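K.L.:
Requesting a structural model of the entry that follows:
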Amino acid sequence: MNLVILPLGTCWCAHGVVTPGHLHDEKFSIPVSSYLVELDDGRLLLIDTGMSRDHVTDPDLTWAGTDFARMLTPVMAPEDDIGARLRALGIEPEQIDVVINTHLHFDHAGNNHQFRNATFLAQREHHAYALGNPSFPNQYWNLPELHYELLDGGGEVLPGVEIVVTSGHAPGHQSVIVHLPEEGDLVICGDAIYLQDNLDLDNWEAMADPDQARASAARLRDLEAGGARLLYGHDPDQVADFPRAPYRHR
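P.N.:
Residues are numbered from 1 along each chain as shown. As a prediction, this is how the structure comes out:
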């Protein structure tokens with residue numbers, strides 16, 4: 001089994017989006033990623049699907065006319081389309097068997113529509129919260145042709161792949177542990193932890209429930225203390241620490 005980190009563009013983002021009160025209006029570039037897991041049984045898993053490829057030509061596609069637009073702007077080149085990233089590895093979107101969405105925000109579920117042959121795994125609580133909620137643009141993921149398998153808690157969902165419920169950023173947010181035979185456990189945090197600053201500053205005020213987010217982060221830190229490595233949702237400094245496609249973490 002191995003894991004490939006797929007770079008899917010960036011967002012020009014105000015610090016206030018991720019660490020309110022700290023450099024609040026100053027902007028910086030944060031990465032957006034998906035994670036391809038090639039399972040030992042031949043199945044292909046994606047964890048998150050990034051921002052819609054339509055942001056390549058229209059960065060304001062999702063948030064134009066909203067207050068959020070001044071805080072965050074997607075930046076994507078044609079090669080940042082998840083389909084293009086997969087094809088560079090010799091994989092067609094139709095070959096993906098399973099997609100795990102950590103949650104259904106536009107930068108984590110924006111390309112769900114490209115994977116119509118896949119089974120999507122999401123927490124039941126989160127799916128219900130996101131339905132019809134404008135903070136989770138439904139046009140990217142709430143589509144009749146997509147099949148969602150709704151979960152009620154964590155545990156192993158595929159051989160070597162385990163889900164941990166990490167609510168706080170949103171109800172029913174989930175993180176994913178990938179048990180790699182050579183590198184050990186990698187934890188895809190999603191937005192349970194945006195970046196190292198959340199931990200260093202103990203700043204969780206951008207989360208829907210800061211207290212719950214702090215508790216979920218502590219749970220992930222416990223995994224780290226046990227030897228796992230944490231991949232935060234949008235930390236630009238981790239790009240250098242974790243090689244990206246075509247590199248395979250084994």
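
K.L.:
CA only for contacts and neighbour counts going forward, please
P.N.:
Will do.

K.L.:
what residues are up against the residue of the chain positioned farthest from its centre?
P.N.:
Distance from the centre of the chain peaks at residue 65, with 24.8 Å (C-alpha atoms, centre = their mean). Applying C-alpha atoms under 8 Å, 6 or more residues apart in numbering to residue 65 gives no contacts.

K.L.:
Any idea how many residues pack against residue 40?
P.N.:
A total of 11 residues lie near residue 40 under the criterion other C-alpha atoms under 10 Å.

K.L.:
give me the element it is part of.
P.N.:
For residue 40, there is no host helix or strand (DSSP states H and E).

K.L.:
where's it relative to residue 116, distance?
P.N.:
22 Å (C-alpha to C-alpha, to the nearest Å).

K.L.:
got it, and residue 130?
P.N.:
For residue 130 relative to residue 116 (C-alpha to C-alpha), the value is 20 Å.

K.L.:
now residue 37
P.N.:
For residue 37 relative to residue 116 (C-alpha to C-alpha), the value is 18 Å.

K.L.:
These two - which one has more neighbours?
P.N.:
When neighbours are counted by other C-alpha under 10 Å, residue 37 and residue 116 differ, and residue 37 comes out ahead with 26 against 18.

K.L.:
ok, for that one, nearest residue in space, not its chain neighbours?
P.N.:
Excluding the flanking residues, the one nearest residue 37 by C-alpha to C-alpha, 6 or more residues apart in numbering is residue 3, at 4.5 Å.

K.L.:
For the residue farthest from the centre of the chain, which three-state class applies?
P.N.:
coil (DSSP: H, G, I helix; E, B strand; the rest coil).

K.L.:
State the next helix or strand along the chain beyond the lowest-mean-pLDDT helix or strand in the chain.
P.N.:
Lowest on mean pLDDT, DSSP states H and E among the helices and strands of the chain sits helix 15-18, with a mean of 91. Remark: after helix 15-18, the chain's next helix or strand is strand 27-38, criterion DSSP H and E.

K.L.:
Which SSE is immediately downstream of that next one?
P.N.:
strand 44-47.

K.L.:
so what strands line up beside the one helix or strand residue 187 maps to?
P.N.:
Using DSSP H and E, residue 187 maps to strand 184-190. Strand 184-190 pairs in its sheet with strand 174-180 (antiparallel), strand 229-232 (parallel), by DSSP bridges.

K.L.:
Could you identify which of the ones you listed is most buried?
P.N.:
Comparing the strands paired with strand 184-190 by mean neighbour count (mean count of other C-alpha atoms under 10 Å), strand 174-180 ranks first with a mean of 24.
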